[in-house]
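Asks: Prediction below, plus the sequence it came from.
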Amino acid sequence: MSVSPSTLPPVRLHSEAELARDALAAPLLSRAVRLARWAGPDTRVGAGGELVDEQLPAAAAELGLADDEDGTAYASEAWRVAVDTGLVEITDEEEGTVTGGDNLGLIASGGPSDILGLWLDALETVLADAAVPDLDDLVDAIEDDGQIDFEQLDWDPEAEAEFLDGVLGNLYLLSVSEDGPGDEPVPLPALAASMIVPDGMGKPTNDVLEQVSDAMMRLDDQFRMLEPVGLIEFQPVDETLLADTEGAGEEPGASADDIDVTRYGMVRLTPLGLYGMRARFQEAGLDAPAVGDLADKGADGLLDGTAGFPQGAAQAEIEQWLARREPLAAAEELLAAARGGDEGAPLRRLRCQQALSLVGGAAEPALRAVLDDAELGGLARVWLSEHGAADVPPPPESMIFWLTIDTLAAQLAAEGNSAELQALVEGLAQQHSGFFDTAWRVDHPGTADVLEAMGRLHPDKKVAKEARKAAFKARSAHGG
């Protein structure tokens, strides 16, 4: 699975204020801020802006990491983030002097969007670092002329960055998909396999399994680097698994049910991570919607915008839209936007029905006003009946069949040949004898397509044949 669709599933984000608090609490950005405030006239940096070795112990002590064996490494990493995000500025490259950067003031006086902007810059720094091989290997691969021998490293910088981007993209898709794990962590082997195992492969070959194992170990190193910036929550691979199999690995012959998959690493995007990945997708030109984006749009924007949303996300978006409007005005606007004979109209009307189901009795006048409307009269009667309204006129047969075709066309557009649609098709054919004799005459742009779909989906060969014959008649009658 790779991030290839131009439009991604909608994500549910925390408020900017909550996300900004998470960003400031992320260990890496928090340390960068502390070092930026600590830096003074005596602070010195090297040619690349890095803190000189002699000052790293003092920086680690400032962070409360003097007794941590990795304290100077953490201090060096935080300093780099401080420089890259503009929390620190180099005043004299030759002398190696620094001062607090313009962005340091944003920490105290900036708004949530300012803080999140700084965090996104920090994220890019860490992602770039995570795609770089081990420092010792890198030093060994530097040639006499100062150039890096990439062949000796067996490292392709672009491919490595693309691999990490792909893994994080897959993790995002799993997090926001309606049938995904949601907030639950994803096993590292599954995430690695999503990048390695070809689609449609049954049992992976030994070579593929070895590639997955190598990818897992790369990701284990990279995710350890990404966790301090607040992008992910990560449970690393159990180090005992890296030891010899004897006495350290899983029991020989253990079944899949007996294996504790959490020992192989678990990861999930944090709410801040979802925000960061969405921002990166948008920067790359992908349409990465968030629930709430359509709250200030008109009803036409709402119905078109949620057309491709999963059911739960569409419901959440509609609820936010309705919360800003009076029920009667909202119903009138929704009904007006639901009209049309274009290809997307049936799905708009389905979303309109979904929205109207959330509107109270105050909307009744708007529904009564469209009872005689050929496109809206059927759904208006359904709404009025469900809300216990009195004096709801019975629909003519033509309206019943038109609404049936319209509903099936919407379901077909929303879900394709789903099991739910197949069940609906079977129920219709069973409950209405002679359904196809009347259905092909329905003056609806989707009649022929719906009948063809019924022919594909119905398991009874005789009924399926009737549906296909009716579809042919519909195309002939309507010039399709």
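Replies: Looks like it arrived, so ask away.
Asks: When you work out contacts or count neighbours from here on, use the C-alpha atoms and nothing else.
Replies: Fine.
Asks: just the strands in the stretch 1-150 of the chain please.
Replies: Taking DSSP state E, counting those that start in this stretch, the strands of the stretch 1-150 of the chain run over residues 88-92, 97-100.
Asks: Within its sheet, name the partner strands of the last one and how each one runs.
Replies: If you go by DSSP bridges, strand 97-100 pairs up with strand 88-92 (antiparallel).
Asks: Pull out the buried positions in the strand it pairs with.
Replies: Neighbour counts over strand 88-92 (16 or more other C-alpha atoms under 10 Å) mark 88-90 as buried.
Asks: Quickly name whichever of these is closest to Glu397.
Replies: Val88 (74.2 Å; C-alpha to C-alpha).
Asks: Reformat the strands of the stretch 1-150 of the chain as a markdown table; add distance to Leu56 and mean pLDDT.
Replies: As requested, the strands of the stretch 1-150 of the chain are exported to a markdown table (distance: least, C-alpha to C-alpha, whole Å; pLDDT from 0 to 100):
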| stretch | distance to Leu56 | mean pLDDT |
| --- | --- | --- |
| strand 88-92 | 16 | 94 |
| strand 97-100 | 15 | 94 |
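Asks: now, which of the buried residues of strand 88-92 sits nearest Leu350?
Replies: Val88 (54.0 Å).
Asks: Who does that closest one form a beta bridge with?
Replies: Taking DSSP bridges, one finds Gly100 as the beta-bridge partners of Val88.
Asks: pretty sure it contacts Gly40?
Replies: No: using C-alpha atoms under 8 Å, Val88 makes no contact with Gly40, being 10.3 Å away.
Asks: anything in contact with each of these two?
Replies: Contact criterion C-alpha atoms under 8 Å, 6 or more residues apart in numbering; residues shared by Val88 and Gly40: 98-99.
Asks: re earlier: go through the strands of the stretch 1-150 of the chain and name the closest to Asp53.
Replies: Using C-alpha to C-alpha, the nearest of the strands of the stretch 1-150 of the chain to Asp53 is strand 97-100, at 14.6 Å.
Asks: so how far is the closest one off the chain centroid?
Replies: 39 Å (C-alpha atoms, centre = their mean, to the nearest Å).
Asks: Can I get that strand in PDB, CA atoms only?
Replies: Extracted as PDB, the C-alpha positions of strand 97-100 are listed here (Å, rounded to 0.1, in the frame of the first residue of the first chain):
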ATOM      1  CA  THR A  97      29.100  33.400  17.900                       C
ATOM      2  CA  VAL A  98      25.400  33.200  18.200                       C
ATOM      3  CA  THR A  99      22.400  35.000  19.600                       C
ATOM      4  CA  GLY A 100      18.700  34.300  20.200                       C
END
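Asks: For that strand, give me every contacting residue.
Replies: Defining contact as C-alpha under 8 Å, 6+ apart, one finds that strand 97-100 is touched by 36-37, 39-45, 87-92.
Asks: Check stretch 468-480 too.
Replies: 436-437, 439-441, 443, 447-452, 454-455.
Asks: roughly how far apart are Leu173 and Asp207?
Replies: 27 Å (C-alpha to C-alpha, to the nearest Å).
Asks: With neighbour numbers in mind, choose between the two.
Replies: More crowded of Leu173 and Asp207, by other C-alpha atoms under 10 Å: Leu173, with 22 against 9.
Asks: pretty sure the more buried one is touching Val11, no?
Replies: No: using C-alpha under 8 Å as the test, Leu173 is too far from Val11 to be in contact (9.3 Å).
Asks: Could you list the low-pLDDT ranges of the chain?
Replies: Counting by pLDDT under 70, the ranges of the chain that qualify are 1-6, 133-155, 180, 242-259, 479-480.
Asks: Contacts for the strand or helix carrying Leu335, please.
Replies: Assigned by DSSP states H and E, Leu335 falls within helix 327-338. With C-alpha under 8 Å, 6+ apart as the test, helix 327-338 has contacts from 298-300, 303, 322, 345, 348-349, 352, 356, 359-360, 362-367, 376.
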